[in-house]
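Novice: pasting the sequence and the predicted model now:
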Amino acid sequence: MTKPAAGEVFRYPFLWKREQMAGETEGRKTRPVCIAVTVAKSDSETVVFILPITTQPPLPSRKCIEVPQIESQRVGLETHVRKWVMLDEINTDILERSYVWEDRTPIGTFSSVFTSKIQSSLIALARSGGASIVDRLK
């Protein structure tokens with residue numbers, strides 16, 4: 001199994017925090033997501049930190065990064081629609097035993113510059129306690 005890398009974009013049934021709080025355990029639809037970080041655990045498992053990509057304009061209170069048109073093109077997403085990588089909601093999953101991540105073929109990869117921007121913004125937000133994590137590690 002090929003392990004995902006930061007910046008790769010996949011289709012994944014992202015579970016929003018509000019859905020989890022309502023008792024849901026499955027994402028309502030498969031959407032494009034970006035792998036922000038991967039962490040190798042000592043037991044040979046890989047934890048992935050997954051950020052959703054949305055076309056819905058975020059509320060001003062939300063933390064996100066707009067996806068430049070060239071990056072949308074790079075990963076094979078439509079370029080005529082604006083998109084945002086949401087930073088304030090994260091799904092964590094274990095690659096080797098995820099029961100929801102079916103298609104593990106990346107649809108593309110963001111540039112290293114854009115990926116670094118996502119990671120540094122996410123780290124700053126996480127340090128301030130501004131991100132909600134939906135733990136799907138079970």
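Specialist: On my side now, so go ahead. Numbers count the residues shown, from 1 in each chain.
Novice: now for residue 62: which residues touch it?
Specialist: 86, 88 (C-beta atoms under 8 Å, 6 or more residues apart in numbering). (Glycine included, C-beta is placed from N, CA and C.)
Novice: tell me the pLDDT of it.
Specialist: With respect to pLDDT, residue 62 scores 93.
Novice: remind me which residues of this structure are low pLDDT?
Specialist: Applying pLDDT under 70 to the chain flags residues 1, 138.
Novice: which parts of stretch 86-93 are buried?
Specialist: For stretch 86-93, a neighbour-count test (16 or more other C-beta atoms under 10 Å) marks 86, 87, 88, 89, 90, 91, 93 as buried.
Novice: what does that stretch rub up against?
Specialist: 12, 14-17, 33, 36, 47-54, 58, 62-65, 100-101, 118, 121-122, 125, 130-137.
Novice: ok, which stretches of this structure are strands?
Specialist: Assigned by DSSP state E, the chain shows strands spanning 8-12, 31-40, 46-54, 64-66, 84-86, 89-94, 108-109, 132-135.
Novice: need the ones you listed in JSON lines (columns: distance to residue 21).
Specialist: Below are the strands of the chain laid out as JSON lines (distance: least, C-beta to C-beta, whole Å):
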{"stretch": "strand 8-12", "distance to residue 21": "20"}
{"stretch": "strand 31-40", "distance to residue 21": "19"}
{"stretch": "strand 46-54", "distance to residue 21": "16"}
{"stretch": "strand 64-66", "distance to residue 21": "20"}
{"stretch": "strand 84-86", "distance to residue 21": "16"}
{"stretch": "strand 89-94", "distance to residue 21": "12"}
{"stretch": "strand 108-109", "distance to residue 21": "32"}
{"stretch": "strand 132-135", "distance to residue 21": "9"}
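Novice: show me how far the longest helix seen in the chain is from its chain's centre.
Specialist: Using DSSP state H to define each element, the chain has its longest helix at helix 112-127. Taking C-alpha atoms, centre = their mean, to the nearest Å, one finds helix 112-127 lying 12 Å from the centre of the chain it belongs to.
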